[in-house]
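J.: pasting the sequence and the predicted model now:
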Amino acid sequence: MSAIRRFLLVFLAASVLTSGCSNKFTADKAHFSRAINAYYADKLACITKLRFPFRIEEETINYAKYKPLMDALVIEKLRSEKVDIRVIDRIARVKYKVKVHSYRLTRRGSKSYHDGRLCFGQYRVDDITEIDKREKIAWVKYNYTLTHLAPWADNPYIQSHHVPKLHKQGKAKLLLTDQGWVHEKMRSNLVKR
């Protein structure tokens, strides 16, 4: 057998063996999971936006709304609290004293503070449950988990009022691009070649 024939035979065998291997354009669960996880990489699970220092006056709607959360965060040593008494002059020109609670981030709290929000975890796809693919678009249903949960998120009040269920179901629209499968909300982030 000549060297050329041996080379062609080895080349054909290698082509047949690798033809079953997946590339980034293949519509499969692994590529869809990767695309959704890439989207979640920038999306942390966080509590509502809060600016610090954060102040709330007693006997207001905001006091009832935010005080339990602030107390839980003080217990978890993410915030420090200071109470002042201020003289307030309202519309009727009546002056009265009111307690104002001021909260500042502690060092521990500032480690979890990103883009004006206190973040406690990150989402990760567990498995793809359903795929509806048409040409270069795929609609995917999947199960996902809240991971890398911050220790302070175990506080009973925070857990019951601000941390979503740890296991959820989601759906996404994925697009096939020249860089592989991507979440539809990430198409503007693609680098044009």
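T.: Perfect, thanks for sending it.
J.: just the residues contacting stretch 99-111, thanks.
T.: With contacts defined as C-beta atoms under 8 Å, 6 or more residues apart in numbering, stretch 99-111 is touched by 52-58, 63, 67, 70, 73-74, 76-86, 113, 118, 152. (Each C-beta comes from the backbone N, C-alpha and C, glycine too.)
J.: next step: those restricted to helices.
T.: Secondary structure assignment by DSSP state H places 63, 67, 70, 73-74 of the contacts of stretch 99-111 in helices.
J.: now the residues you listed as a markdown table including distance to residue 101 and neighbour count?
T.: Formatted as a markdown table, those follow (distance: C-beta to C-beta, whole Å; neighbours: other C-beta atoms under 10 Å):
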| residue | distance to residue 101 | neighbour count |
| --- | --- | --- |
| 63 | 8 | 17 |
| 67 | 7 | 14 |
| 70 | 7 | 19 |
| 73 | 12 | 28 |
| 74 | 10 | 16 |
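J.: ok, these vs residue 24, which is closest?
T.: Lowest distance from residue 24 to these (C-beta to C-beta) belongs to residue 73, with 42.4 Å.
J.: look up the pLDDT of residue 4 for me, please.
T.: On pLDDT, residue 4 comes in at 53.
J.: any idea how far the closest residue to residue 167 other than its chain neighbours lies from residue 168?
T.: Leaving out its chain neighbours, the residue that sits closest to residue 167 by C-beta to C-beta, 6 or more residues apart in numbering is residue 145, at 5.5 Å. Distance of residue 145 to residue 168, computed by C-beta to C-beta, to the nearest Å: 8 Å.
J.: can you check residue 162 too?
T.: For residue 162, the distance to residue 168 equals 15 Å [C-beta to C-beta].
J.: more crowded one of these two?
T.: Ranked by neighbour count (other C-beta atoms under 10 Å), residue 162 and residue 168 place residue 162 first, with 18 against 13.
J.: wait, that one sits on residue 50?
T.: No. Counting by C-beta atoms under 8 Å, residue 162 does not reach residue 50; the two are 11.4 Å apart.
J.: that older thread, so which of the contacts of stretch 99-111 sit within strands?
T.: 54-57, 79-86, 113, 118 (DSSP state E).
J.: which of these has the most neighbours?
T.: Highest neighbour count within the ones in strands among the contacts of stretch 99-111, by other C-beta under 10 Å: residue 118, with 26 neighbours.
J.: surely residue 72 and residue 158 touch.
T.: Yes. Look at residue 72 against residue 158 with C-beta under 8 Å: they come within range, at 5.2 Å.
J.: helix, strand or coil: sort out residue 159 for me.
T.: helix (DSSP: H, G, I helix; E, B strand; the rest coil).
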